[in-house]
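# Next one to model:
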Amino acid sequence: MRKLDVSEATAPLGEYAEQVAREGVVLTRRGKPVAALFSVESADWETISLSTNPKFIAIIEESRARHKAEGGISLAEARRQLGVSDRRTAPKSIRGAKRRKSKR
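Residues are numbered from 1 along each chain as shown. Sure thing, here's the model as predicted:
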């Protein structure tokens, strides 16, 4: 990650956009980070929006803290509680029908 003081960031924004494809750029003021430029080429708008949304971040942090304090449940237990069958244990008649359908 490249560090760049804001007072030295005199190039057009487009040039920095080209640089972040190779490595991120952290803009600093008096040695402290104030902004970051990084590539989002492989992300969609929803991902970008949520990753910078303070309310969403708070929900995730709260969930992580709760999981750390209380623990979690397995996927099998979640499926049991929700009444959702495990695809690996679907009845043979359904599995066979799916195989026959996919061979067509």
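# For this protein, just list every one of the strands.
With DSSP state E as the criterion, the chain has strands at 2-5, 25-29, 32-37.
# now the helix ranked longest in the chain: how far from the chain's centre is it?
The single longest helix within the chain, with elements called by DSSP state H, is helix 54-70. Chain-centre distance of helix 54-70: 15 Å, with Cα atoms, centre = their mean, to the nearest Å.
# Kindly provide the whole-number mean pLDDT of it.
This predicted structure assigns helix 54-70 an average pLDDT of 95.
# now do stretch 12-25
89.
# List the contacts of it.
Taking contacts as Cβ atoms under 8 Å, 6 or more residues apart in numbering, the residues outside stretch 12-25 that touch it are 1, 2, 3, 4, 9, 36, 37, 38, 39, 41. Every C-beta, even on glycine, is put in place using the N, C-alpha and C of the backbone.
# OK, contacts around the last one?
The neighbours of residue 41, taking Cβ under 8 Å, 6+ apart as the test, are residue 21.
# just the fifth one next, same as before
Residues in contact with residue 9, defined by Cβ under 8 Å, 6+ apart, are 16, 27.
# just the third one next, same as before
Remark: with contacts taken as Cβ under 8 Å, 6+ apart, residue 3 is in contact with 25, 26, 28.
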